[in-house]
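S.K.: Fold the following, please.
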Amino acid sequence: MNNDAFSLLVEQQAKDEYYTPVELMYGKTPGTFLSPFDYSKYLDFIDSNDLSYITKLPLKTFNYKSIYYCLGADLISILHSYFSLVPNDDDFRNRFSKTFIESRIFSEIEGTLNVENVPTTRRRLRELLVDNVPVKDRNDLIIKNMKEAIDFVHELPAFTKDNLFKLYKILSNGCLDKENELKPGDYYRFDSVEISHYKGCPVSLIDECMDSLFNFVNDSLNDKNNDIYFLTILPHICHYYVLYIHPYFDYNGRTARMVSYWVYLLTGIESFPPIISEAINKKKNKYYKALENSRDSHNDITYFLKYILNISCDYIATYQNLEYIESMAKQKGYTLTETELNYMKRIMISYEGKFSYGDFLKMANIEITKQGALKILNHFIDVGFLKEVESKSNAKLFDINKNSLLLLLKRFGVRHSKGEI
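M.R.: Now for the predicted structure:
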């Protein structure tokens with residue numbers, strides 16, 4: 001293929017669907033087949049040319065010329081869905097009180113730990129964060145550090161090298177193995193790292209690259225011409241970039257997700273915050289695949305942005321549904337506990353169709369008897385959240401009662417009034 005064909009392919013994707021590397025090389029749509037050789041040339045073409053649909057970011061790279069994304073129909077459609085789901089009214093802002101935020105942060109800590117396979121339970125989280133019981137092991141310390149880090153970014157410190165170092169020290173305090181500790185006086189790692197089959201930034205370039213991130217974020221926050229779409233994706237660009245540079249030996253993922261939340265707070269956008277690790281935890285394979293697609297396509301972060309925005313929509317709809325279910329239950333005379341609401345949330349986030357009590361135990365990540373699980377699920381039928389469905393076997397199956405929800409996701413098999421997600 002020649003450059004004209006590559007240019008037409010970029011335009012086609014921008015106006016229609018943005019294909020993954022696999023879809024491009026193996027032809028999701030007739031006419032889009034690229035050999036691995038042509039695909040490599042296609043990426044070189046994007047990397048070396050200024051194209052109307054491609055936004056290249058002023059961030060330093062160490063293996064390709066740029067980091068970029070395509071603000072085409074695909075990404076714009078997801079952004080529209082995101083903003084259609086975020087309630088833009090005083091009632092929502094009033095509900096977004098300290099208690100409301102703390103509830104979501106509680107779930108975020110749990111989700112972040114699960115993403116990185118740190119074993120914990122919701123009960124233990126509550127003991128440590130609410131009851132302030134003494135720390136007894138490293139896992140407990142990780143939880144305490146996470147809460148302290150969230151408190152730190154809530155103070156809205158400037159996004160600087162020194163403050164990022166403070167954040168990292170808070171997150172990793174007392175939790176690093178000796179070989180993963182930084183040298184005294186160093187801000188970043190002093191040796192190379194490899195993550196899966198990807199190399200982190202060479203040590204000699206980390207300072208320069210991270211300085212480009214601080215400049216980019218602060219310039220973006222001070223630029224009055226940046227619209228809400230750009231400010232919405234800015235935290236997620238930072239999320240990807242910290243993972244890409246991998247400035248530390250350990251705790252890069254946790255730091256990247258906290259940086260994303262920090263930058264969101266600094267934007268001052270009054271929308272739903274990107275504290276979505278609990279949603280990532282339920283779809284970890286898709287999270288890592290989105291990162292892989294972006295790395296394999298020479299830092300085309302369109303794939304990562306699409307993934308993050310899609311699960312953001314999922315997350316927003318889930319929490320609005322929970323509030324709606326709780327309100328409807330009260331009208332029927334039921335008062336739902338925080339634990340019950342958490343189970344409902346897990347069902348909605350993990351939902352892929354009708355399920356058994358055993359599936360519910362996996363969704364909720366709990367170990368209770370069959371009788372105990374069925375008692376919870378039958379109660380959810382009484383409340384109206386679930387319904388019993390026919391089964392070809394003797395096993396009792398359940399499904400979400402779509403009529404009990406305010407917003408419906410595409411994977412629920414129906415559309416909601418604000419568009420399909």
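S.K.: lowest confidence element among the helices and strands of this structure?
M.R.: helix 90-95 (a mean of 54; mean pLDDT, DSSP states H and E).
S.K.: Show me where the stretch 101-250 of the chain has its helices.
M.R.: 122-129, 138-154, 161-172, 203-222, 228-245 (DSSP state H, counting those that start in this stretch).
S.K.: can you list contacts of the first one?
M.R.: When contacts are defined by Cβ atoms under 8 Å, 6 or more residues apart in numbering, helix 122-129 is touched by residues 106, 109-110, 133, 135, 140, 143-144, 147, 339, 342. From N, CA and C alone the C-beta is placed, and that goes for glycine too.
S.K.: Just the buried positions in that helix, please.
M.R.: 122, 124-125, 128-129 (16 or more other Cβ atoms under 10 Å).
S.K.: ok and whichever strand or helix holds Tyr343 relative to helix 122-129, angle-wise?
M.R.: Take DSSP states H and E as the rule and Tyr343 turns out to sit in helix 338-350. Interaxial angle of helix 338-350 relative to helix 122-129 (axes from the mean of the first three to the mean of the last three Cα atoms, to 10 degrees): 120 degrees.
S.K.: and the helix or strand following helix 338-350, what other elements does it pack with?
M.R.: Next along the chain after helix 338-350, taking DSSP H and E as the criterion, comes helix 357-364. Under the contact definition 3 or more Cβ pairs under 8 Å, 6 or more residues apart in numbering; DSSP states H and E, helix 357-364 sits against helix 338-350, helix 370-383.
S.K.: Worst mean pLDDT among the ones you listed?
M.R.: Among the helices and strands packed on helix 357-364, helix 338-350 carries the lowest mean pLDDT, at a mean of 88.
S.K.: Could you single out the most deeply buried of the helices of the stretch 101-250 of the chain?
M.R.: Across the helices of the stretch 101-250 of the chain, the average number of neighbours (mean count of other Cβ atoms under 10 Å) peaks for helix 228-245, which reaches a mean of 22.
S.K.: now that one, how far from the centre of its chain.
M.R.: 11 Å (Cα atoms, centre = their mean, to the nearest Å).
S.K.: wait, which of the buried residues of helix 122-129 is closest to Asn285?
M.R.: Distance to Asn285, by Cβ to Cβ, is smallest for Arg122 among the buried residues of helix 122-129, at 23.1 Å.
S.K.: Looking at the contacts of helix 122-129, spot the one nearest Lys60.
M.R.: Among the contacts of helix 122-129, Ile109 lies closest to Lys60 (Cβ to Cβ), at 31.7 Å.
S.K.: And Asn88, what's its pLDDT?
M.R.: Listed pLDDT for Asn88 reads 63.
S.K.: and the helices of the stretch 101-250 of the chain, which one's lowest on average pLDDT?
M.R.: Among these, helix 122-129 scores lowest, at a mean of 77.
S.K.: Compute the inter-axis angle for that one and helix 138-154.
M.R.: Interaxial angle, helix 122-129 versus helix 138-154 (the same axes, to 10 degrees): 60 degrees.
S.K.: Low-confidence ranges, the stretch 1-150 of the chain, go.
M.R.: For the stretch 1-150 of the chain, the stretches with pLDDT under 70 are 27-32, 87-108, 111, 114, 117, 119-122.
S.K.: Could you rerun that using 50?
M.R.: Where the stretch 1-150 of the chain drops to pLDDT under 50, the residues are 96-99.
S.K.: Strands along that one, start to end?
M.R.: 54-57, 67-70 (DSSP state E, counting those that start in this stretch).
S.K.: if we can go back for a sec, now tabulate the helices and strands packed on helix 357-364 in JSON lines and tack on mean neighbour count and distance to Asn63.
M.R.: Formatted as JSON lines, those follow (neighbours: other Cβ atoms under 10 Å; distance: least, Cβ to Cβ, whole Å):
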{"stretch": "helix 338-350", "mean neighbour count": "19", "distance to Asn63": "35"}
{"stretch": "helix 370-383", "mean neighbour count": "16", "distance to Asn63": "49"}
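S.K.: Turn these into CSV, columns for distance to Met363.
M.R.: Formatted as CSV, the helices and strands packed on helix 357-364 follow (distance: least, Cβ to Cβ, whole Å):
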stretch, distance to Met363
helix 338-350, 4
helix 370-383, 10
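S.K.: which one of those helices lies closest to His246?
M.R.: Of all these, it is helix 338-350 that lies closest to His246, at 28.2 Å by Cβ to Cβ.
S.K.: Name the surrounding residues that touch the closest one.
M.R.: Residues from elsewhere that reach helix 338-350, judged by Cβ under 8 Å, 6+ apart: 107, 122, 278-279, 282, 314-315, 318-319, 321-322, 325-326, 336, 355, 360, 362-365, 376, 379-380, 385-386, 400.
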